[in-house]
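Asker: no sequence for this one, just the structure:
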């Protein structure tokens, strides 16, 4: 795996390199993609017989179609700033730029620097289409503040390649503590089109961190382990880091840290499945389905392992600096302290 670009988190001292009933093992990930719809339907009453007919809302366009719309509106001068070749930046030991994880707009080009108001509205529709509805967008936008970006217009969006039908492309949206993309499967076998990154400035154990529910979810899973299992799940020294190696897929046969899903009891497995659903909750169904497919292709949930990395100033309420889920084609590397940085790489292209 080649090295990612090395952005810097302004809140940190360091720079980091990127590069209910149990749901069936094969189907549980699919639930995350439709969670928002399920919530909306829960408790809905049956319409009265004389009620006016309900007109179904117009189906939203997929993100990729909206990217094509955006591309069609760009003038040549705009393209010079926000459109790059598909494999821009690729070299022998370096991944193309589109596969990087960024902590700010790529090349420092903000939406307000190049896009018209109408185009910015279209970019927002694209990002919403990449989310699992309003709740997913709320989390991705960090309650609309975009973390230190401060406002949507201060985020950035780049297009790599040519999004017209039949061509490879990637739309990469980047802001403070965020890199997400859509690519119409231009990068085969890679969930989300490549590695993604997300975070939030508050301490990951605090309720005002928008991803705190993910931390609480994994805490519940940890509490369900017995003493021997906790010892097996805990990595005694070091941490997985935040450079490109932290999301590098291991070679076949290479040991992975933590306790194996296959070795857990049924009720414990249910809690790990919930952790996985909670991690995937902000993202659209297409991406969740691809994650599910890759996990299945690379050995299933039984190959996933859960590891915890204690903090040097460990307290009962804030026990870990990092925790991670890892399988043959799956890395979800989650830093809780001093605030959330999460690095994700899911691919069927094994090392």
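Answerer: Here it is on my side, so go on. Quick caveat, the model's predicted, so the values are computed rather than measured.
Asker: okay, now the closest residue to residue 339 other than its chain neighbours: neighbour count?
Answerer: Of all residues not flanking residue 339 in the chain, residue 201 sits nearest, at 5.1 Å (C-beta to C-beta, 6 or more residues apart in numbering). Quick note: C-beta positions are derived from backbone N, CA and C, even for glycine. Residues lying near residue 201 (other C-beta atoms under 10 Å) number 19.
Asker: got it, and residue 167?
Answerer: With other C-beta under 10 Å as criterion, residue 167 counts 11.
Asker: what's the answer for residue 217, then?
Answerer: Neighbours of residue 217 (other C-beta under 10 Å): 18.
Asker: which residues in the stretch 101-250 of the chain form helices?
Answerer: Counting by DSSP state H, counting those that start in this stretch, the stretch 101-250 of the chain has helices at residues 111-114, 117-129, 134-140, 212-223, 227-233.
Asker: list the buried residues for the second one?
Answerer: In other words, helix 117-129. For helix 117-129, the neighbour count (16 or more other C-beta atoms under 10 Å) marks 119-120, 122-129 as buried.
Asker: remind me which residues of this protein are low pLDDT?
Answerer: 1-8, 10-60, 351 (pLDDT under 70).
Asker: what about the strands in it?
Answerer: Taking DSSP state E as the criterion, the chain carries its strands at 83-84, 156-161, 169-175, 178-182, 196-200, 259-260, 305-315, 318-327, 330-335, 340-346.
Asker: excluding covalently adjacent residues, which one is nearest to residue 291?
Answerer: residue 191 (4.7 Å).
Asker: where's that neighbour relative to residue 108, distance?
Answerer: 28 Å (C-beta to C-beta, to the nearest Å).
Asker: more neighbours: the two, which one.
Answerer: residue 191 (27 against 8).
Asker: got a list of what the residue nearest the centre of the chain touches?
Answerer: What sits nearest the mean C-alpha location of the chain, by C-alpha atoms, centre = their mean, is residue 196, with 5.1 Å. For residue 196, the contact set (C-beta atoms under 8 Å, 6 or more residues apart in numbering) comprises 101, 179-181, 344.
Asker: farthest-apart pair in those, please.
Answerer: 181 and 344 (11.6 Å; C-beta to C-beta).
Asker: what do those two both touch?
Answerer: Joint contacts of residue 181 and residue 344 (C-beta under 8 Å, 6+ apart) are 192, 196.
Asker: ok, these two, which is more surrounded?
Answerer: Between residue 181 and residue 344, residue 181 has the larger neighbour count (other C-beta under 10 Å), namely 26 against 23.
Asker: re earlier: now tabulate the helices of the stretch 101-250 of the chain in TSV and tack on distance to residue 166.
Answerer: Below are these laid out as TSV (distance: least, C-beta to C-beta, whole Å):
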stretch	distance to residue 166
helix 111-114	26
helix 117-129	20
helix 134-140	29
helix 212-223	38
helix 227-233	47
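Asker: so for residue 71, which of the ones you listed sits nearest?
Answerer: helix 117-129 (10.0 Å).
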